[in-house]
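# sequence and predicted structure are below.
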Amino acid sequence: MSIARIYQRPKNAMSSGRARTTSWVLDFAPAEPKQPDPLTGWAGSGDTRDQLRLSFPTQEAAIAYAEREGLAFTVVPAPTRTLKLQSYADNFR
């Protein structure tokens, strides 16, 4: 049985928006390593749970789903958001 991981999506570093950062995600750890396909050379495996990603509005809803389905899971706590407050003039010191 694979282990599920519950976490909150981080903010995209390439944009200033925080869309979809409030939802919680449940995804599964890979059950088997990826191997190159002999014909195409693409990496792949027979593990279909690697393609599954579930989104939940709250952490409690994700935990309730994992417990209801009998999944082993770990919760990755949401990172604390720190602001670096400085003035524009500090760029030239």
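The structure has been received and is ready for your questions.

# just checking, what packs against the host helix or strand of residue 25?
Using DSSP states H and E, the element containing residue 25 is strand 24-28. Packing partners of strand 24-28 (3 or more Cβ pairs under 8 Å, 6 or more residues apart in numbering; DSSP states H and E): strand 3-8, strand 53-56, helix 59-69. Where C-beta positions appear, they are placed from N, C-alpha and C, glycine not excepted.

# that strand: partners in the sheet, and parallel or antiparallel?
The strands beside strand 24-28 in its sheet (DSSP bridges) come out as strand 3-8 (antiparallel), strand 53-56 (antiparallel).

# comparing those, which stretch has the densest surroundings?
Using mean count of other Cβ atoms under 10 Å, the stretch among these with the largest mean neighbour count is strand 3-8, at a mean of 17.

# compute the inter-axis angle for that strand and helix 59-69.
Strand 3-8 runs at 170 degrees relative to helix 59-69, counting by axes from the mean of the first three to the mean of the last three Cα atoms, to 10 degrees.

# neighbouring contacts of strand 3-8?
Here strand 3-8 makes contact (Cβ atoms under 8 Å, 6 or more residues apart in numbering) with 21-29, 59, 62-63, 66, 71-76, 78.

# out of these, which are buried?
24, 25, 26, 27, 28, 59, 62, 63, 66, 71, 73, 75 (16 or more other Cβ atoms under 10 Å).

# how about the spatially closest residue to the fourth one that is not a sequence neighbour, what does it touch?
I take that to be residue 27. Sequence neighbours aside, residue 53 is the residue nearest to residue 27 in space, at 4.7 Å (criterion: Cβ to Cβ, 6 or more residues apart in numbering). Residues near residue 53 by Cβ under 8 Å, 6+ apart: 25, 26, 27.
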